[in-house]
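>>> coordinates only, no sequence provided:
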């Protein structure tokens, strides 16, 4: 497995233009950015090239409405989803990024769950037709941090991945969100791993540095290594202090030979 610094959270204390150099200085060669839409795609490409960084993941835009959390599962927002996806696609094309987390949005009383799910699947099918080289990812978000999100457990997102049955729609498994839901982390990861393209991590409950003295989290990394997981683990957390001061957990992984 490989690590990717989440520039948005891990280096959120810095201006956007300074985050790339900081990640490189801390030894990262891959990054993820939640919403890289404050500058033209070419600006992000230039920053990545200047600091020899690979962009491995971005999200589709959240949307303008308060707490929208995306448009992909919203039957009345198909045009907004398509416009936002094309924004994300442009960033990926400029930056040679291969994966997009497709934000589903909230469950809404105005629509049947089946209608929202059908919209999500239709939007994913449309997006695949527009982006033959991209992997589209679905991620469950826990109910404490993201109340009302369309799915809050990995198994619910996995149902949609399996229904579409294509290697270009996969799961984004976030260890933090699963732990915040109180799930059996090892069992959930084992069930999801065959369909997982990207993993993310943070410590529970404060979303700070991962605490690998926590047995279930340490075991999850051991299971990823044992399974030969060769993808990225995104460091999607807010450091307690300077990011460089909280990377002891990375040293732990290196000492066990779990990082590539």
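Received the coordinates, thanks. The shown structure was predicted, so the numbers you read here are calculated from the model rather than taken from an experiment.
>>> three-state assignment of residue 172?
Of the three states, residue 172 takes strand under DSSP: H, G, I helix; E, B strand; the rest coil.
>>> who is it paired with across the strands?
Under the criterion DSSP bridges, residue 172 forms beta bridges with residue 198.
>>> surely it and residue 136 touch.
No - with contacts counted by Cβ atoms under 8 Å, residue 172 stays clear of residue 136, the gap being 9.8 Å. Where C-beta positions appear, they are placed from N, C-alpha and C, glycine not excepted.
>>> all helices for the protein, in order.
For the chain, helices defined by DSSP state H occupy the ranges 7-10, 16-25, 41-50, 78-95, 113-130, 154-164, 175-180, 185-192, 215-226, 248-255.
>>> of all these, which one is nearest residue 201?
Distance to residue 201, taken as Cβ to Cβ, is lowest for helix 175-180 among the helices of the chain, at 4.7 Å.
>>> and the contacts of the closest one?
Residues external to helix 175-180 that are found in contact with it (Cβ atoms under 8 Å, 6 or more residues apart in numbering): 139-142, 144-145, 152-154, 185, 188-189, 199-205, 207, 210, 216-217, 220, 236-237.
>>> centre of this protein to the edge, which residue is at the far end?
residue 110 (27.8 Å; Cα atoms, centre = their mean).
>>> next up, phi/psi of that one, please.
phi -70, psi -10 (degrees, to the nearest 10).
>>> hang on, the earlier thing: can you lay out the helices of the chain as a markdown table showing mean neighbour count?
Below are these laid out as a markdown table (neighbours: other Cβ atoms under 10 Å):
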| stretch | mean neighbour count |
| --- | --- |
| helix 7-10 | 23 |
| helix 16-25 | 18 |
| helix 41-50 | 17 |
| helix 78-95 | 19 |
| helix 113-130 | 17 |
| helix 154-164 | 18 |
| helix 175-180 | 23 |
| helix 185-192 | 17 |
| helix 215-226 | 17 |
| helix 248-255 | 15 |
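>>> from residue 152, how far out is the residue farthest from the centre of the chain?
Noted for residue 110: a distance of 20 Å to residue 152, by Cβ to Cβ, to the nearest Å.
>>> equivalent analysis for residue 60, please.
Residue 60 is 19 Å from residue 152, by Cβ to Cβ.
>>> between those two, which has more neighbouring residues?
Higher neighbour count among residue 60 and residue 152: residue 60, with 26 against 22, using other Cβ atoms under 10 Å.
>>> who touches that one in this structure?
By Cβ under 8 Å, 6+ apart, the neighbours of residue 60 are 70-72, 81, 84-85, 87-88, 100-103.
>>> residue 252 too?
Listed by Cβ under 8 Å, 6+ apart, the contact partners of residue 252 are residue 212.
>>> before we move on, what about residue 230?
Contacts of residue 230 (Cβ under 8 Å, 6+ apart): 1-2, 260.
>>> I figured residue 142 hits residue 154, correct?
No - taking contacts as Cβ under 8 Å, residue 142 lies outside contact range of residue 154: 10.6 Å.
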